[in-house]
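Participant: just need the structure, nothing else, for what follows:
(one chain, ligands or ions: 2)
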Amino acid sequence: MNETVTPRSRALRVAGVSRAFAGVQALQDVNFSFEPGQIFGLIGPNGAGKSTLVNIISGYDRPDTGSVSVDGTDVTASRPYQRARNGIARTFQHGHLFSGLSVKENLIVTGMGTGKSRKQAIAKADALIEQYGLASRADHPCAGLPHGIERLVGVARALCTDPKYILLDEPAAGLNEGEIGEFTANIQALQAGGLGVLLIDHNVKLILNVCDRIHVLVEGKTLLEGTPTEVRGSEALAEAYLGKSGSVHRG
Ligand SMILES: Nc1ncnc2c1ncn2[C@@H]1O[C@H](COP(=O)(O)OP(=O)(O)O)[C@@H](O)[C@H]1O
Ligand SMILES: [Mg+2]
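Facilitator: Ligands and ions are numbered 1, 2, ... in the order given. Model prediction:
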């Protein structure tokens with residue numbers, strides 16, 4: 001019962017995960033794990049199953065077969081708020097902020113939703129607002145925020161639950177070059193702080209720059225997994241993901 005978690009077992013692990021939707025095999029026997037302090041890239045063309053995996057890891061969906069575990073604890077059947085308490089946080093590919101609430105209120109509500117007192121949630125929100133340079137927007141409603149700011153608020157909100165692992169579903173989509181630079185620094189700061197980061201993005205240059213390992217999905221199946229050097233050199237990647245004449249600098 002009181003299973004000891006050894007340092008070796010500290011990982012977020014996806015084992016044998018498959019998921020089908022009405023005839024579409026969105027995921028087929030996907031296996032990977034990543035650890036605190038790692039940035040783990042998940043890439044693949046649209047429809048590859050990336051967001052479905054994030055939903056399954058964060059408890060918004062269940063696999064047909066396979067399991068998800070956090071530091072040795074099987075969480076496959078637990079609900080999103082329970083997984084947040086187990087240390088998993090996520091951002092959403094599209095919005096998902098409470099648009100009528102202010103930036104600060106979004107952060108406070110999220111913190112309280114995973115067990116913080118109001119006072120603790122406010123302190124955490126204030127710290128994140130400071131850290132992410134959001135002070136001038138703190139009292140603005142989330143509706144109508146500039147895109148780059150909305151993305152930052154999404155990450156700050158995920159961090160309100162003090163996660164060990166954070167899943168970022170295309171957090172840099174639509175950001176300009178300057179914003180991507182700042183975003184990269186933020187992600188690296190999370191890593192330096194000991195978080196395990198799963199990063200989904202179509203910007204392969206960004207992925208190759210920041211990730212320790214990269215997992216490539218195509219049509220729900222694993223094409224390959226490796227270090228940036230291994231992935232960059234892969235012909236299979238060039239053919240299946242980028243098109244035969246594709247360059248790895250696809251936007
Ligand atoms: N709730 C759902 N109902 C039906 N089909 C879905 C659902 N979610 C995802 N799919 C399908 O599963 C496949 C993978 O989708 P998704 O995980 O969103 O891919 P990605 O994030 O890599 O673009 C797609 O064919 C998509 O249409
Ligand atoms: Mg997606």
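Participant: for residue 14, what are its contacts?
Facilitator: The contact partners of residue 14, by CB atoms under 8 Å, 6 or more residues apart in numbering, come to 30-33, 53, 56-57, 66-68. (Glycine included, C-beta is placed from N, CA and C.)
Participant: out of those, which two sit at the greatest distance?
Facilitator: 33 and 56 (14.2 Å; CB to CB).
Participant: looking at the two, which one has more neighbours?
Facilitator: residue 56 (25 against 17; other CB atoms under 10 Å).
Participant: is whichever helix or strand that one is part of up against ligand 2 anywhere?
Facilitator: Counting by DSSP states H and E, the element that carries residue 56 is helix 50-58. Yes: against ligand 2, helix 50-58 shows contacts by CB under 5 Å from the ion at 50-51.
Participant: so which residues of the stretch 51-200 of the chain form helices?
Facilitator: Counting by DSSP state H, counting those that start in this stretch, the stretch 51-200 of the chain has helices at residues 80-85, 103-113, 118-131, 147-159, 177-192.
Participant: first-to-last residue distance for stretch 171-183?
Facilitator: 9 Å (CA to CA, to the nearest Å).
Participant: that one near ligand 1 at all?
Facilitator: No: using CB under 6 Å from any ligand atom, we find that stretch 171-183 stays clear of ligand 1, coming within 11.3 Å at best.
Participant: which one of the helices of the stretch 51-200 of the chain lies nearest to ligand 2?
Facilitator: helix 147-159 (14.3 Å; CB to the ion).
Participant: and the closest one, how far out from the chain's middle?
Facilitator: Put simply, helix 147-159 sits 12 Å off its chain's centre (CA atoms, centre = their mean, to the nearest Å).
Participant: that one to helix 103-113, inter-axis angle?
Facilitator: Interaxial angle, helix 147-159 versus helix 103-113 (axes from the mean of the first three to the mean of the last three CA atoms, to 10 degrees): 20 degrees.
Participant: of the contacts of residue 14, which belong to strands?
Facilitator: Applying DSSP state E to the contacts of residue 14, the entries found in strands are 30-33, 66-68.
Participant: give me every residue that touches residue 60.
Facilitator: So residue 60 contacts residue 80 (CB under 8 Å, 6+ apart).
Participant: ditto for the one 10 residues further on
Facilitator: With contact taken as CB under 8 Å, 6+ apart, residue 70 is in contact with 12-13, 83, 86-88, 164-165.
Participant: which parts of the chain sit against ligand 2?
Facilitator: Counting by CB under 5 Å from the ion, the residues of the chain close to ligand 2 are 50-51, 93.
Participant: among the residues you listed, who's most crowded?
Facilitator: For the residues of the chain next to ligand 2, neighbours tallied by other CB under 10 Å; top is residue 50, 25 neighbours.
Participant: can you name the residues that contact the residue lying closest to that one once chain neighbours are set aside?
Facilitator: Once flanking residues are discounted, residue 50 sits nearest to residue 200: 5.0 Å by CB to CB, 6 or more residues apart in numbering. Residues in contact with residue 200, defined by CB under 8 Å, 6+ apart, are 41-43, 50-51, 54, 93, 167-171.
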